[in-house]
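In: coordinates only, sequence not included:
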């Protein structure tokens, strides 16, 4: 099922990443500066010589004329543009056939709750609020999707906010968009032990943590809903 589509993508070869938000990409023999929207490490995707897909997005307030959209991993392309998470998640939530929240009456984006700003406040079919935070997961290793790929104090804070909401009697959820091939999901203990401990604490407290696989068809430029993934607990 198609959730979102992007057009006018151009292939290039990754050269280097001077900082988290900037890359150099060789396109038709010319080196272009490209904005990287995802601040994660992305070492398995953004490395010298790898094929990536970029999109022309010049504007008067921009420092670069291109956006990094996806990078090749084996036979697939994985999204590396966090700005698309909003479009993908909103399309998923608003489709009751696949949404983990069923039919909803309304959706508000970027809503403050306490000290945190969460991605969505939904009003469910029964008229009750559902608070949702969205995370994009590009990393997978041996069939296991893992988040985060870099330490995230902000991500841990969001989980604690969801726990507080759940404790107040309202529904709270973390929607994790898994962007590469995987069979299961688990938090990335090696990269961020604090997030991982908080992840299972949130899960056990009743926060709904929902990994959903959405894969990119580079030929058609479509992001396609695949399935919901199970969560594993590592044997430690």
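Out: That came through fine. Remember, predicted model here, so these are calculated numbers, not experimental data.

In: name all residues that make contact with the most centrally placed residue in the chain.
Out: In the chain, the residue lying closest to the centroid (C-alpha atoms, centre = their mean) is residue 136, at 1.2 Å. Taking C-beta atoms under 8 Å, 6 or more residues apart in numbering as the contact definition, residue 136 lies against 38, 79, 82, 85, 176-177, 179. The way it works is simple: take the backbone N, C-alpha and C, and place the C-beta from them, glycine included.

In: bridged to it, which residues?
Out: Applying DSSP bridges to residue 136 yields these beta-bridge partners: residue 177.

In: can you list the low-confidence ranges for this protein?
Out: For the chain, applying pLDDT under 70 flags the ranges 235-236.

In: now what about the host helix or strand of residue 120, what contacts it?
Out: Using DSSP states H and E, residue 120 maps to strand 116-124. Identification of contacts with strand 116-124 by C-beta under 8 Å, 6+ apart yields 86, 89-90, 93, 101-113, 129-134, 157-158, 161-162, 171.

In: quick check: longest helix of this protein.
Out: For the chain, the helix with the greatest residue count under DSSP state H is helix 153-167.

In: what are the buried residues along it?
Out: Neighbour counts over helix 153-167 (16 or more other C-beta atoms under 10 Å) mark 155-156, 158-166 as buried.

In: for the residue nearest to the centre of the chain, give its distance to residue 81.
Out: Computed as C-beta to C-beta, to the nearest Å, the residue 136 to residue 81 distance reads 9 Å.

In: shared neighbours, the two?
Out: Common neighbours of residue 136 and residue 81 (C-beta under 8 Å, 6+ apart) are residue 38.

In: out of the contacts of residue 136, which sit inside helices?
Out: residue 85.

In: widest-spaced pair of the contacts of residue 136?
Out: Pairwise distances across the contacts of residue 136 (C-beta to C-beta) peak at 14.5 Å, for the pair 38 and 176.

In: fine, thanks again, bye for now.
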